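# Kindly generate the corresponding structure for this input.
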Amino acid sequence: MSGIETIKSLLGTGGYIDNAKDMEPYLVGWRGGHAGKAALVAFPKSTEQVSKLVALCAEHSIPITPQGGNTGLVGGGVPDTSGKAIVISLSRMNKVRSIDKANYTITVESGFILTQLQEEAAKAGFLFPLSMASEGSANVGGFISTNAGGTAVLRYGNTRELVLGIEAVLPDGSVWNALKALRKDNTGYDLKQLFIGGEGTLGIVTAATFKLFPKPVQSETLLLAMKSVEDAVALFAELRKEGGDSLSAFEIISRTALELVLKNIPDTRDPFAEKYPYYILAVFSTSSELIPLRETTEKLLEKKLTEGLIPDALLAESVAQAKSFWHVREHVSEAAKKEGRGVHFDISVPISGIPEFIRTVNPEIANAVPEAIILPFGHIGDGNIHYNICLPKTWDDAKFESAKDTMKKSVYAALKRLHGSISAEHGIGVERREDLKEFKSKEEITMMKALKKALDPKGIMNPGKML
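Sure thing, here's the model as predicted:
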């Protein structure tokens, strides 16, 4: 019996699909720019089954592409075009294993959807703070493997800061159970960090233990008009100082991004009578009922308006209005996708370097590619800007790729000058694999390859990704 037939026998009826049409959603990336082929898509239902499945793949040298909700943006969860790989989806592994209220932790399996994780935490009286536009389909294994960030990194950190322990199946099929719920454990290398952001190249995360936080009982959401990115960065420094730990989000949206949302997304309206170059979406929250958050926020807002740093502002008067503010921020990518062909940069620089990046790169791209619609938006509070550009749908592939290369040179030159990163939260995948050597030293690449070879000597685990 061949390796693939043995795998089918292991998984049983309902445990896999191998029909080309049924497999198609698992073989194409969210943006449509990455597509592959597979021998089958597997749906194991337990860690034990994942272990046996991976062991079979190792025995028969069958490549594995682990896949979460397939909402990745760099092709990390899409197999290559050989058709030899199997895609392993953990969507059937979606149970809560435990909640420890005294320890503020929750342990769940990797197929658990992010919104479900948020809801389970809320039902128990806690907050799980990771939040992003794809949270309705992104799952635990996926956002761990990409070290997802989202909108609350400013206060709570990336996924890397939220994970206390993991369970993973290694490339030989053995199970490494490190579901510790300890906040302090100084006993050698912190091996779980190799799998957080590892993009499934070192093993398959099957479960994780996360930190929980006190549930906010007060929240104030503001939409602020800004004259410039420089003013936005200055405002961030002042709000963080004066608002303290209550500042939990600080997002920037360019006017160009807002206009595409207004054009392409229903039920969107222009928030201010006057147009401004940039807007800031800020959130203050607290788990204490003793703090007069509304009064404090109003005073802080009045002060900044009086000083002239903010030309106009809106303070949400209801949950519905707060959601309408977020509606704009969360639909920028969708609006851009409807507008034209996109070039996407997920960059990070020191917060102090954001104005220089925008000030230098915007005009360079506008001069080199006049048809480009430049859409900076994202997490200014942690230095992560989604620097996206729309190009005309009518352009052929050659013209598109030429413009993309031109724009990449400008973006990467600025990142090198500012000591930034080409991937703040989306990962490397195949999209940025060839660019990695420009931003990692030879020593770093050598260490990464050594780790890969040590843990995955046959190279079956998500081959062709990252390295």
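
# C-alpha from now on. contacts and neighbour counts both.
Will do.

# Keeping just the C-alphas, turn the strand or helix carrying Glu120 into PDB.
For Glu120, the host element (DSSP states H and E) is helix 114-123. Provided in PDB are the C-alpha atoms of helix 114-123 (Å, rounded to 0.1, in the frame of the first residue of the first chain):
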ATOM      1  CA  LEU A 114      -9.900  33.200  17.300                       C
ATOM      2  CA  THR A 115     -13.400  34.600  17.800                       C
ATOM      3  CA  GLN A 116     -14.300  31.400  19.700                       C
ATOM      4  CA  LEU A 117     -11.300  31.900  21.900                       C
ATOM      5  CA  GLN A 118     -12.300  35.500  22.600                       C
ATOM      6  CA  GLU A 119     -15.900  34.300  23.400                       C
ATOM      7  CA  GLU A 120     -14.800  31.500  25.700                       C
ATOM      8  CA  ALA A 121     -12.600  33.900  27.600                       C
ATOM      9  CA  ALA A 122     -15.400  36.400  27.900                       C
ATOM     10  CA  LYS A 123     -17.800  33.700  29.200                       C
END
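
# Following the chain past that helix, name the next helix or strand.
strand 126-127.

# Sheet-wise, list the partners of that following strand with their directions.
Paired strands of strand 126-127, with direction, are strand 213-214 (antiparallel) (DSSP bridges).

# Rounded mean pLDDT for the strand it pairs with, please.
Throughout strand 213-214, pLDDT has a mean value of 96.

# What's the first helix or strand after it?
Scanning onward from strand 213-214 (DSSP H and E), the first element met is strand 218-226.

# gap between Thr360 and Ala424?
Using C-alpha to C-alpha, to the nearest Å, we find Thr360 at a distance of 20 Å from Ala424.

# Can you pick out the residue with more neighbours from those two?
Ranked by neighbour count (other C-alpha atoms under 10 Å), Thr360 and Ala424 place Ala424 first, with 22 against 13.

# Surely that one and Asn384 touch.
Yes: because the distance of 6.1 Å satisfies C-alpha atoms under 8 Å, Ala424 is recorded as touching Asn384.

# between those two, what contacts are shared?
Listed contacts common to Ala424 and Asn384 are Asp346, Ile347, Ser348; contacts here mean C-alpha atoms under 8 Å, 6 or more residues apart in numbering.

# Is it possible to get a markdown table of the residues you listed that adds pLDDT?
As requested, the shared contacts of Ala424 and Asn384 are exported to a markdown table (pLDDT from 0 to 100):
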| residue | pLDDT |
| --- | --- |
| Asp346 | 93 |
| Ile347 | 96 |
| Ser348 | 96 |
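
# Most neighbours among those, which one?
Counting neighbours by other C-alpha under 10 Å, Ser348 comes out on top of the shared contacts of Ala424 and Asn384 with 26 neighbours.

# ok, and the closest non-adjacent residue to that residue?
Asn384 (4.3 Å; C-alpha to C-alpha, 6 or more residues apart in numbering).

# Can you list phi and psi of the one you found for me?
The phi/psi pair for Asn384 (degrees, to the nearest 10) reads phi -100, psi 110.

# In contact with it, which residues are there?
Contacts of Asn384 (C-alpha under 8 Å, 6+ apart): Asp346, Ile347, Ser348, Val349, Gly378, Ala424.

# Quick check: pLDDT value at Phe284.
For Phe284, pLDDT reads 96.

# got the end-to-end distance for stretch 339-359?
Using C-alpha to C-alpha, the distance between the terminal residues of stretch 339-359 is 24 Å.

# Could you pull out the helices in the stretch 351-467 of the chain for me?
With helices called from DSSP state H, counting those that start in this stretch, the stretch 351-467 of the chain shows them at 354-368, 397-418, 436-439, 442-455.

# Of all these, which one comes closest to Met466?
helix 436-439 (8.0 Å; C-alpha to C-alpha).

# who's the closest residue to Ile385 other than its chain neighbours bridged to?
Closest residue in space to Ile385, ignoring its immediate chain neighbours: Gly378 at 4.8 Å, by C-alpha to C-alpha, 6+ apart. Note on Gly378: beta-bridge partners by DSSP bridges are Ile252, Ile385.

# need the contact list for Gly378.
Per C-alpha under 8 Å, 6+ apart, neighbours of Gly378: Glu251, Ile252, Ile253, Asn384, Ile385, His386.

# which one of those residues sits closest to Leu309?
For the contacts of Gly378, the nearest to Leu309 is Ile252 (15.2 Å; C-alpha to C-alpha).

# unless I'm mixing things up, that closest one is touching Leu258, no?
No: between Ile252 and Leu258 there is no contact under C-alpha under 8 Å: 10.6 Å.

# Could I get the full set of helices for the stretch 201-350 of the chain?
229-243, 255-264, 293-307, 319-330, 332-339.

# weakest of the ones you listed in terms of mean pLDDT?
For those, where the average pLDDT is lowest is helix 332-339, sitting at a mean of 89.

# Contacts for that one, please.
Arg31, Ala257, Leu258, Leu260, Val261, Lys263, Asn264, Ile265, Gly342, Cys390, Pro392, Lys393.

# what angle separates it from helix 319-330?
50 degrees (axes from the mean of the first three to the mean of the last three C-alpha atoms, to 10 degrees).

# Pull out the buried positions in helix 332-339.
Of all the residues in helix 332-339, those buried under the rule 16 or more other C-alpha atoms under 10 Å are Val332, Ser333, Ala335, Ala336, Lys338, Glu339.

# Looking at those, spot the one nearest Val169.
For these, the nearest to Val169 is Ser333 (33.7 Å; C-alpha to C-alpha).

# mind showing which ranges of this protein have poor pLDDT?
1, 30-33 (pLDDT under 70).

# try it again with 80
Within the chain, the ranges that satisfy pLDDT under 80 run 1, 29-34, 71, 73, 244.

# most centrally placed residue in it?
Residue closest to the mean C-alpha point of the chain, counted by C-alpha atoms, centre = their mean, is Ala148 at 3.7 Å.

# and that residue, that's in a strand?
No: assigned with DSSP: H, G, I helix; E, B strand; the rest coil, Ala148 falls outside any strand and is coil.

# dump the residue contacts of it.
Asn158, Thr159, Gly197, Glu425, His426.

# Gln218 and Leu315: what is the separation?
14 Å.

# again with Pro355
Distance from Pro355 to Leu315, by C-alpha to C-alpha: 25 Å.

# same thing with Ile365?
35 Å.
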